[in-house]
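K.L.:
Attaching a predicted model along with its sequence, questions to come.
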Number of protein chains: 4
Amino acid sequence: MLKIGKYEFNSRLLLGTGKYPNFDIQKEAVAVSESEILTFAVRRMNIFEASQPNFLEKLDLSKYTLLPNTAGAKTAEEAVRIAKLAKASGLCDMIKVEVIGCQKTLLPDPVETLKASEELLKEGFIVLPYTSDDVLLAKRLEDLGCHAIMPGASPIGSGQGIINPLNLRFIIEQSSVPVIVDAGIGTPSDAAIAMELGADGVLLNTAVSGANDPVKMAKAMKLAIEAGRLGYEAGRIPKKQYATASSPMEGMSIS
Amino acid sequence: MLKIGKYEFNSRLLLGTGKYPNFDIQKEAVAVSESEILTFAVRRMNIFEASQPNFLEKLDLSKYTLLPNTAGAKTAEEAVRIAKLAKASGLCDMIKVEVIGCQKTLLPDPVETLKASEELLKEGFIVLPYTSDDVLLAKRLEDLGCHAIMPGASPIGSGQGIINPLNLRFIIEQSSVPVIVDAGIGTPSDAAIAMELGADGVLLNTAVSGANDPVKMAKAMKLAIEAGRLGYEAGRIPKKQYATASSPMEGMSIS
Amino acid sequence: MLKIGKYEFNSRLLLGTGKYPNFDIQKEAVAVSESEILTFAVRRMNIFEASQPNFLEKLDLSKYTLLPNTAGAKTAEEAVRIAKLAKASGLCDMIKVEVIGCQKTLLPDPVETLKASEELLKEGFIVLPYTSDDVLLAKRLEDLGCHAIMPGASPIGSGQGIINPLNLRFIIEQSSVPVIVDAGIGTPSDAAIAMELGADGVLLNTAVSGANDPVKMAKAMKLAIEAGRLGYEAGRIPKKQYATASSPMEGMSIS
Amino acid sequence: MLKIGKYEFNSRLLLGTGKYPNFDIQKEAVAVSESEILTFAVRRMNIFEASQPNFLEKLDLSKYTLLPNTAGAKTAEEAVRIAKLAKASGLCDMIKVEVIGCQKTLLPDPVETLKASEELLKEGFIVLPYTSDDVLLAKRLEDLGCHAIMPGASPIGSGQGIINPLNLRFIIEQSSVPVIVDAGIGTPSDAAIAMELGADGVLLNTAVSGANDPVKMAKAMKLAIEAGRLGYEAGRIPKKQYATASSPMEGMSIS
């Protein structure tokens, strides 16, 4: 059970809604993923343009918790403004804080992320900041009162998977709120590794929406996250330098 | 569907039967793994000692295909003798050829493995050789007529996972018979990686039997192998050096 | 030529002075390393206790630039106090800002590091902050006016080498001040990798002082850093998935 | 000191002579590399075509030991023929056995390599087989009497570096003849890693000849191999999960 603020979820997969080939594929991918939390950029809400086709309209929104993000914000001020816009829609009170400091790497700005998170917590939001895997920055975000920490595995959309498992492990060990690995996941095994490290969830988008077959990949991600979580709970064998026979051979002879 | 010789299987997980805490846990782990192929060392069969408790007796053998292995053999001659012993039991006609050349690393001897495989093919066995990830050795084993190729990921029981994904990929690309990654798997993500590379199956034992909770790990492995296979079929996104926004941002403004 | 503030150095190896088996070995290791910048914890200066054996007394300090660090500081305030103590000694005006946020990981606190750096810059120090590999944090430190950026490769003294080469590359690409990889280096190849990424220098201590033979390792590090720098300048071949013959074979025949 | 058969060398870098931009750069790269062993494909010797410009003619061959290779051979028979051709020239009695089993990966064929090595040993050659990193295959080559073992790091010319350090370590541990890591080296750090694993030497070609500045890269490789060797001899610090302070902090206070 994944608990974020007042919400509880059975699924540990948070799925993004961007860049699917079309809305039917998006809908089907969302369904087979069994994700209960859908993220999207507030800037895509088209709240004021009801005539446009809306990327959320195919989805039965009673079944999902929406997690809007502040993508596009370069400052805390912009992030706060975007978050308030989302909340004003009445659709959600959770916010993924995303304040990007560099357009090439899409990596988050630590100072503005702290500032935006602090402000939004004061405003009563359930705050999930997207952050780097800086361990002490994650600690500060938790100390502010953030409801979950979302460290990146590698740059957004890069599909490079988890570059620094050590930092993620440190963040997971120190955190008493959920840690959701966000950004950079490319494959089911990447998602499984995140969960095996002890993460409480994984957020991904491009890995599914950009796959040759998004629906099949959505299913794969669902299974991988369950597998990784079970593997974490089951307790892996230690790594050994040398080999160990899997069959007990002592005292046996071929005769 | 995994086809090996005349056999067909829905599951792509081949599970070893050695070193479980007890036979009840073994039985339950086997059940939740949904594995259809169980491997074991012929030397553990105790064929001539009916009074001893038998590690297979808890299992409904009508539900599984048995894949005995020649663990303990150091030469082709020994491997052939062990294989014939297994076949004589009437339980199986598949054999995993395992000729170990070094007790510290438990890595296979290429020359004896080739020799044993050739001999056993002549004798009408369905032959699955355990081999290193040497690409041309795998080719030679296939050219002999082996029914599947079983390259190791890392030393048996080491839990180091897949050290050389490139060689596995080369073996998979060149093979027209199933490639089953064998040995060294430690975690669900390791198994998923094997499948994402395009492997037809994964054989593991210690990763499950040696886990803190073998039953839970068996379930995790089952899911991971399905996830990895689906991920392979779904076609992953390419890795990129830099980031790519997951939301289409062009032409949008916050207003 | 490595330029930090008003200083210029031929060597790109910054060597720590802590934890050598004895001061003679320290002196010899420093000599063969050909390092021109020696770092030490101000807390070890024993400025007020002249009767104690001093770890710097064996060294000809006219040959080296001293880079004191604020190890032991947990807040910006403490770091500033330590830095001023060092400057008051008249030995140095460079300071490595080190504000540790966690005693288990010895990873730096980003907020206190920013604060201390800002304060010390105002005080006229040449400031080299030890930081995580958070890319945007490094940018902010540079924007403050820091004279070099010192991202960690992995936790201090862990010998894990460079865990996240991508972040280091991003930091190097974005920086117009020197980037000196600090912390976590275990082997000569680790140091070479840092330099091949384009780092301007490497700071290390335990890798040399804790080696079985510190003097030999000091020599190895010196050579590795030169090798890595030359390799960076020489421009490596691209990585290829498949092979490429090193001999031109076209149109040749054995006859 | 590197000893191969009756020969002794100060340098542990074996340098290939193929594919330099021109012979002047080749000559200079060879000089700064301080390599004492030069490899080349016999098929390029142009023995019967004296009028052609010869790639060796710029080099003072009294200073180098030539190590011809059998590149181009697909069978033991071809390799033996090529080796004899080289020996007939009077230039050399060492031979690098290279029997390629696949043109895409340029990986060696184990069976033909064993056969060719055995035959050439009988003929009195000093035999250095290029082989995969299959540990037991390396053992068999040594048992035949080969004078050095040359396992590949990754495919020829791929620049992927050392994919499987574990197998290389196993080969090095088991071997009483020199182990020279051959093929796949891309960077100085790759070469250093090979040496840190305990290799006796490194053979490379494309990493130098294909670099933007081959002469500078040749120098870098020379230094990296020395650094790696010294690092191996010096004994690295153990890797630790967590951090260790490099300054002794116990009992100190800022006052």
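P.N.:
Right, received. Where do you want to start?
K.L.:
all helices of the stretch 101-250 of chain A, in order?
P.N.:
For the stretch 101-250 of chain A, the helices defined by DSSP state H, counting those that start in this stretch occupy A:110-122, A:135-144, A:165-174, A:188-196, A:206-209, A:214-234.
K.L.:
buried residues in the fourth one?
P.N.:
Meaning helix A:188-196. Neighbour-count burial for helix A:188-196, with 16 or more other Cβ atoms under 10 Å in any protein chain shown as criterion, is recorded at A:188-196. In short, each C-beta sits where N, CA and C put it, glycine included.
K.L.:
Out of these, which comes closest to B:Leu120?
P.N.:
Taking Cβ to Cβ as the measure, B:Leu120 lies nearest A:Ser189 of the buried residues of helix A:188-196, at 34.0 Å.
K.L.:
Tell me, how many residues neighbour the closest residue to A:Ser132 other than its chain neighbours?
P.N.:
Nearest residue to A:Ser132, sequence neighbours excluded (Cβ to Cβ, 6 or more residues apart in numbering or on different chains): C:Asp134, at 4.6 Å. By the criterion of other Cβ atoms under 10 Å in any protein chain shown, C:Asp134 has 29 neighbours.
K.L.:
contacting residues for C:Asp134?
P.N.:
Residues in contact with C:Asp134 (Cβ atoms under 8 Å, 6 or more residues apart in numbering or on different chains) are A:107, A:110, A:132, A:134, A:137, C:110, C:167.
K.L.:
how close does it sit to chain D?
P.N.:
Distance, C:Asp134 to chain D, using Cβ to the nearest Cβ, to the nearest Å: 17 Å.
K.L.:
what sits opposite the residue nearest the centre of chain A in the beta ladder?
P.N.:
Nearest residue to the geometric centre of chain A (Cα atoms, centre = their mean): A:Leu203, 2.0 Å. On DSSP bridges, the residues paired with A:Leu203 through beta bridges are A:Leu14, A:Asp182.
K.L.:
Look at it and report its pLDDT.
P.N.:
Looking at A:Leu203, its pLDDT reads 97.
K.L.:
That one contacts A:Asp182, correct?
P.N.:
Yes - counting by Cβ atoms under 8 Å, A:Asp182 is a contact partner of A:Leu203 at 4.2 Å.
K.L.:
check contacts around the closest residue to chain D within the stretch 51-200 of chain A.
P.N.:
Here the stretch 51-200 of chain A gets closest to chain D at one residue, A:Leu166, 7.8 Å apart by Cβ to the nearest Cβ. Neighbouring residues of A:Leu166 by Cβ under 8 Å, 6+ apart: C:154-155, C:160, C:163, D:241.
K.L.:
mind redoing it with 6 Å?
P.N.:
By Cβ atoms under 6 Å, 6 or more residues apart in numbering or on different chains, the contact set of A:Leu166 is C:Ile163.
K.L.:
Please read off the pLDDT at it from the model.
P.N.:
For A:Leu166, pLDDT reads 95.
K.L.:
ok, now A:Lys240?
P.N.:
90.
K.L.:
try the one 3 residues further on
P.N.:
For A:Ala243, the model assigns a pLDDT of 78.
K.L.:
I'd assumed B:Ile156 was in contact with it.
P.N.:
Yes - between A:Ala243 and B:Ile156 there is a contact under Cβ atoms under 6 Å: 4.5 Å.
K.L.:
Around A:Cys146, how many other residues sit close by?
P.N.:
28.
K.L.:
whoops, A:Asp60 was the one
P.N.:
9.
K.L.:
Check A:Glu34 too.
P.N.:
17.
K.L.:
where does it sit relative to D:Ala211, distance-wise?
P.N.:
As judged by Cβ to Cβ, to the nearest Å, A:Glu34 and D:Ala211 stand 51 Å apart.
K.L.:
just A:Lys122 next, same as before
P.N.:
56 Å.
K.L.:
How about A:Lys222?
P.N.:
46 Å.
K.L.:
My guess is A:Leu120 contacts A:Val127. True?
P.N.:
Yes - counting by Cβ under 6 Å, A:Val127 is a contact partner of A:Leu120 at 5.0 Å.
K.L.:
Overlap in contacts, the two.
P.N.:
A:Ile95.
K.L.:
Give me the contacts around stretch A:152-164.
P.N.:
Residues contacting stretch A:152-164 (Cβ under 6 Å, 6+ apart): A:105-106, A:133, A:181-186, A:190, A:193, A:206, B:237, B:239-240, B:243-244, B:246, C:163-164, C:166.
K.L.:
again, but for stretch A:229-239
P.N.:
A:195-196, A:198, B:159-160, B:186-188, B:206-207, B:210-213, B:216-217, B:219-220.
K.L.:
Which of these are buried? Put it as a ChimeraX command.
P.N.:
The command below creates a ChimeraX selection of those among these that count as buried (16+ other Cβ under 10 Å):
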select /A:195,196,198 /B:159,160,186,187,188,206,207,210,211,213,216,217,219,220
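K.L.:
ok, which residues in the stretch 51-200 of chain A are in contact with chain C?
P.N.:
Contact residues, the stretch 51-200 of chain A versus chain C (Cβ under 6 Å from any Cβ of the partner chain): A:101, A:105, A:107, A:109-110, A:132, A:134-137, A:163-164, A:166, A:170.
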